[in-house]
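In: Sequence and predicted structure, then a few things I'm wondering about:
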Amino acid sequence: MNILVTGASGNVGREVVCQLQAAGHQVFAGQRQLARTRQDGVTPVQVDFEAGIGPAPGFDAIFLMRPPHLTDPDLFETFLQPHDRKTRVVFLSVQGAGEKSYLPHAKIEKRIAGMGFDHVFLRPSYFMDNLLTTLWPELEKNRRIYLPAGRLELDWISVRDVATVAGAALTGAVSEPAITICTGRATGFDAVCQTLNRVAGAQVSYQPASLPGFVRYSRKTGMGWPLIGVMLLLHFLPRFGRQRLDDPEPTQAVLGRPPETLEAFVARHENRFATLRQD
């Protein structure tokens with residue numbers, strides 16, 4: 001199959017590209033700035049939603065990712081408009097988008113469905129890999145997770161599992177129009193730190209932040225307002241909603257096994273997390 005993966009240089013996109021390539025598909029890696037190097041079996045193509053730049057139609061499937069700073073569904077409609085409606089569009093949405101119509105992901109979902117595409121909406125829970133990306137600078141510098149999350153507990157899923165479900169959806173192995181990708185287990189940030197310490201020998205802790213304190217600290221460390229907004233959407237606003245656990249059975253059915261546990265994820269990246277010892 002000829003498959004376009006947008007956001008191919010990102011955390012999820014890279015994993016989707018690798019898994020599709022390993023399965024023998026012709027992968028077109030959409031990037032805002034074309035990479036200078038090429039992988040065998042992967043063709044780089046330019047994709048810039050804001051500038052209206054995208055490759056010519058002709059794909060069997062498209063993996064669509066929303067850059068965090070883009071919320072206008074018109075941009076994604078413009079990007080998809082030239083493509084045949086038989087093209088399968090797999091959109092990386094977010095858990096709860098089916099009920100929370102105010103989310104940017106929900107608005108994009110509605111636009112894709114309204115355009116008549118064969119589609120699958122992936123609604124993953126909270127990424128374990130955030131420990132290695134957005135949360136890593138504070139872990140590395142101060143050996144802590146500092147968030148306005150209070151006692152919030154989240155369902156932690158690995159990007160590798162999300163990419164596996166994405167690959168199944170792109171190749172027609174997922175028939176449902178939407179699937180929540182989750183483990184069915186909720187874990188708070190204090191327990192996550194305990195897992196890092198126990199499994200990898202790290203020495204980190206969770207320090208709850210007040211909302212004003214987190215915003216002031218984030219600005220002081222150079223975090224931009226768009227990312228601050230994303231961090232609050234993930235770690236602050238959910239505190240005031242009804243917390244629920246989704247059924248992990250659909251995820252297990254696609255994976256053919258239980259989703260990766262947090263302990264297994266930490267063990268897989270043990271060498272990286274082991275550097276988080278107190279000086």
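Out: Received it, and whenever you're ready, just let me know what you need. Numbering: from 1, shown residues only.
In: Pull the distance from the worst-scoring helix or strand of the chain on mean pLDDT to the chain's centre.
Out: Lowest on mean pLDDT, DSSP states H and E among the helices and strands of the chain sits helix 225-235, with a mean of 92. Computed by CA atoms, centre = their mean, to the nearest Å, the separation of helix 225-235 from the middle of its chain amounts to 14 Å.
In: what residues are up against the nearest residue to residue 83 once chain neighbours are set aside?
Out: Leaving out its chain neighbours, the residue that sits closest to residue 83 by CB to CB, 6 or more residues apart in numbering is residue 57, at 4.7 Å. C-betas here are computed from N, CA, C, even on glycine. With contact set as CB atoms under 8 Å, 6 or more residues apart in numbering, residue 57 has these partners: 82, 83, 84, 87.
In: In which helix or strand does the second one reside?
Out: If I follow you right, that is residue 83. Using DSSP states H and E, residue 83 sits in no helix or strand.
In: I'd guessed it sits against residue 59; true?
Out: Yes - with contact defined as CB atoms under 8 Å, residue 83 and residue 59 form a contacting pair (7.0 Å).
In: which helices and strands sit right next to the least confident helix or strand of the chain?
Out: The elements that helix 225-235 packs onto, with contact taken as 3 or more CB pairs under 8 Å, 6 or more residues apart in numbering; DSSP states H and E, are helix 211-220.
In: I'd like to know how far residue 167 sits from residue 34.
Out: 23 Å (CB to CB, to the nearest Å).
In: And those two? Which one has more around it.
Out: When neighbours are counted by other CB atoms under 10 Å, residue 167 comes out ahead of the other of residue 167 and residue 34, with 25 against 12.
In: Now do the phi/psi pair for that one.
Out: Listed backbone geometry of residue 167 is phi -60, psi -40, with angles given as degrees, to the nearest 10.
In: nearest spatial neighbour of it, skipping sequence neighbours?
Out: residue 19 (4.8 Å).
In: Number of residues surrounding that neighbour?
Out: Number of residues near residue 19 (other CB under 10 Å) recorded here: 18.
In: Which of the contacts of residue 57 are buried, as a ChimeraX select command?
Out: Here is the ChimeraX command that selects the buried residues among the contacts of residue 57 (16 or more other CB atoms under 10 Å):
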select :83,87
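In: Of all pairs in the contacts of residue 57, which one spans the longest distance?
Out: When CB to CB is used, the two most widely separated members of the contacts of residue 57 are 82 and 87, lying 10.1 Å apart.
In: Count the neighbours of residue 85 for me.
Out: Here the number of neighbours of residue 85 (other CB under 10 Å) works out to 11.
In: ok, now which ones touch it?
Out: With CB under 8 Å, 6+ apart as the criterion, the residues that contact residue 85 are 115, 116, 117, 118.
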